[in-house]
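Engineer: structure for the following, please:
(one chain, ligands or ions: 1)
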Amino acid sequence: MSVANVVVHRDADVLAKAVAARIITRLVDVQSAKGSASIVLTGGTVGTATLAAIAATPARDAVDWRRLDIWWGDERFLPEGDEERNETGARRALLDRVDVDPDRVHVMRGPDSGLTAEESADSYAAELRRAARPEDHGPVPSFDVMLLGMGPDSHVASLFPGMPALYDTRSVVAVHGAPKPPPTRISLTLPAIQASREVWVVAAGDEKSGAVRLALSDSGHVQVPASGARGRARTLFLLDRAAAGKIPPELGRISSP
Ligand SMILES: O=C(O)[C@H](O)[C@@H](O)[C@H](O)[C@H](O)COP(=O)(O)O
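Structural biologist: Numbering: from 1, shown residues only. Purely as a prediction, here's the structure:
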């Protein structure tokens, strides 16, 4: 797993725009090299603001949206179209505004599908397994970009400190009793996250600064899930100054103006 590199931006607005530009560049580079690309989206305010920033960027047209596989790191177990679903926020911010291939938008199904949360998690794991290729050496694709928001408790996706999902070796699990509402969710596990070529953790606000410091130190991933958010080739913590406020000098950081 790669060591985390930190990039700090002035504020949450610049952070979202900078991550949007980074995503566009990364997808264009990957598509140029491989013909298609894959990205895992996150819920949360920073993740959604980033998608809106992509939609607002003329350079978005440099991405071939038809040749992009879109996944989610987690989803609230709610009916399709529910305002609280991460999918709803992503469609409104970006996906309904670019020419994605609907067959390559892989949603985590909610209760309206007739599936239980466990069945929905198993169904998503099976979809990931079908998408994995021999060179991925595992049950999930090597995602080109794994976007993860992070909570003040250092949760990523719906992996909350100390909860059973952090001990699970499967790729996708149902989460019950999540401390962040709604309580029932579907989430990739750390092994699935760590299969990514690149993991980008995005966080803004001083309420995240303690979690950032823990996530960048060698904390245990059960109590500090974000410390397990590492990519095979690259890990980025993309922060605003407030979220970076407790990073010790020895951990290094690159600050934009
Ligand atoms: O379903 C969710 O709620 C998200 O996937 C969750 O992991 C989110 O990314 C973090 O809680 C950060 O959220 P904020 O950026 O809003 O603080």
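
Engineer: need the per-residue pLDDT for Gly252.
Structural biologist: What the model reports for Gly252 is a pLDDT of 65.

Engineer: same question for Arg197.
Structural biologist: Confidence at Arg197, expressed as pLDDT, is 98.

Engineer: kindly report the same for Ser219.
Structural biologist: Note on Ser219: pLDDT of 87.

Engineer: that one and Ser227 touch, don't they?
Structural biologist: Yes. Counting by Cβ atoms under 8 Å, Ser219 touches Ser227, with 4.4 Å between them. Every residue, glycine included, has its C-beta placed from N, CA and C.

Engineer: give me the common contacts of those two.
Structural biologist: Common contact partners of Ser219 and Ser227 (Cβ atoms under 8 Å, 6 or more residues apart in numbering): Ser154.

Engineer: who has more neighbours, these two?
Structural biologist: Ser227 (21 against 17; other Cβ atoms under 10 Å).

Engineer: if I've got this straight, the more buried one is in a helix?
Structural biologist: Yes. Counting by DSSP: H, G, I helix; E, B strand; the rest coil, Ser227 is located in a helix.

Engineer: near Glu250, how many other residues are there?
Structural biologist: Glu250 - counted by other Cβ under 10 Å - has 5 other residues nearby.

Engineer: quick check: it vs Leu188, distance?
Structural biologist: Distance of Glu250 to Leu188, computed by Cβ to Cβ, to the nearest Å: 31 Å.

Engineer: mind checking if the host helix or strand of Ser32 is in reach of the ligand?
Structural biologist: Per DSSP states H and E: Ser32 is located in helix 12-34. No. On the criterion Cβ under 6 Å from any ligand atom, helix 12-34 is out of touch with the ligand, staying 9.1 Å away.

Engineer: how far out from the middle of the chain is that helix?
Structural biologist: Remark: helix 12-34 is offset 14 Å from the chain centroid, using Cα atoms, centre = their mean, to the nearest Å.

Engineer: tell me the contacts of Arg133?
Structural biologist: Pro141.

Engineer: ditto for the one 10 residues further on
Structural biologist: Contacts here follow Cβ under 8 Å, 6+ apart; on that basis Phe143 touches Ser38, Ile39, Val40, Trp71, Ala195, Ser196, Arg197, Glu198.

Engineer: confirm it sits in a strand?
Structural biologist: No. Counting by three-state DSSP, Phe143 is not found in a strand; it is coil.

Engineer: I'd like the numbering to begin with 23 instead of 1 from here.
Structural biologist: Understood, numbering begins at 23; the last thing we discussed is Phe165.

Engineer: what's the closest non-adjacent residue to it?
Structural biologist: Sequence neighbours aside, Ser218 is the residue nearest to Phe165 in space, at 4.2 Å (criterion: Cβ to Cβ, 6 or more residues apart in numbering).

Engineer: now Leu90
Structural biologist: Ala59 is the one closest to Leu90 (Cβ to Cβ, 6+ apart), at 5.4 Å.

Engineer: repeat that for Thr79.
Structural biologist: Leaving aside its chain neighbours, Thr79 sits nearest to Ala42 (5.7 Å; criterion: Cβ to Cβ, 6+ apart).

Engineer: residues touching whichever residue of the stretch 173-279 of the chain sits closest to the ligand, list them.
Structural biologist: Closest contact between the stretch 173-279 of the chain and the ligand, by Cβ to the nearest ligand atom, is at Gly173 (3.9 Å). Listed by Cβ under 8 Å, 6+ apart, the contact set of Gly173 reads Gly66, Phe182, Lys202, Lys230, Ala233.

Engineer: now do it against Val197, distance only.
Structural biologist: Where Val197 is concerned, Gly173 sits at a distance of 13 Å (Cβ to Cβ).

Engineer: anything in contact with each of these two?
Structural biologist: Jointly contacting Gly173 and Val197 under the rule Cβ under 8 Å, 6+ apart are Phe182.

Engineer: can you tell me, leaving aside adjacent residues, what's nearest to the closest residue to the ligand within the stretch 73-222 of the chain?
Structural biologist: Closest contact between the stretch 73-222 of the chain and the ligand, by Cβ to the nearest ligand atom, is at Gly171 (2.2 Å). Closest residue to Gly171 apart from its sequence neighbours, by Cβ to Cβ, 6+ apart: Gly66 at 3.3 Å.

Engineer: thank you, goodbye.
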